[in-house]
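Chemist: need a 3D model of the following:
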Amino acid sequence: MAEFVYALCAITSIVCAVLLLRGYRANRTRLLFWSSLCFLALALNNAMLLLDLYVIPSVDLFVPRTAIALAGIAALLYGLIWDTH
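Modeler: All right, here's what the predicted structure looks like:
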């Protein structure tokens, strides 16, 4: 059951990223771009969590997963602080 929830989280993050990218292409608002990058990173983080826990449990992917999540949050934080007009 947990793997189903993790997969739904990854799918939801991908859908959010696609919708934000579509909004960015239509409006050229930079905050939409940074938000979409954040959600792409969070989707990758969720996909790597599935790999880490269920597909290849012998390999510890904690550090790469955390680095990707940190990069996504950092992109959103950058957009919120320096690119908001």
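
Chemist: other SSEs contacting the longest helix anywhere in the chain?
Modeler: What stands out as the longest helix in the chain, according to DSSP state H, is helix 2-27. Helix 2-27 makes packing contacts with helix 30-50 when contacts are defined by 3 or more CB pairs under 8 Å, 6 or more residues apart in numbering; DSSP states H and E. Where you see a C-beta, it was placed from the backbone N, CA and C, and this is true even at glycine.

Chemist: what comes up buried for the helix it packs on?
Modeler: Buried positions in helix 30-50, judged by neighbour count with 16 or more other CB atoms under 10 Å: 31-49.

Chemist: repeat that for stretch 7-26.
Modeler: Buried residues in stretch 7-26, counted by 16+ other CB under 10 Å: 9-10, 13-14, 16-17, 20-21, 23-24.

Chemist: just put those residues in JSON lines and tack on pLDDT.
Modeler: Shown next, in JSON lines, are the buried residues of stretch 7-26 (pLDDT from 0 to 100):
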{"residue": "9", "pLDDT": "96"}
{"residue": "10", "pLDDT": "96"}
{"residue": "13", "pLDDT": "97"}
{"residue": "14", "pLDDT": "98"}
{"residue": "16", "pLDDT": "98"}
{"residue": "17", "pLDDT": "98"}
{"residue": "20", "pLDDT": "98"}
{"residue": "21", "pLDDT": "98"}
{"residue": "23", "pLDDT": "98"}
{"residue": "24", "pLDDT": "97"}
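
Chemist: nearest to residue 61, of these?
Modeler: Residue 61 lies nearest to residue 10 out of the buried residues of stretch 7-26, by CB to CB, at 14.1 Å.

Chemist: ok, the closest one to residue 71 distance?
Modeler: Taking CB to CB, to the nearest Å as the measure, residue 10 falls 17 Å from residue 71.

Chemist: returning to that earlier point: want to throw the buried residues of stretch 7-26 into TSV with distance to residue 56?
Modeler: Conversion of the buried residues of stretch 7-26 to TSV gives the following (distance: CB to CB, whole Å):
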residue	distance to residue 56
9	19
10	16
13	21
14	21
16	27
17	25
20	30
21	30
23	35
24	34
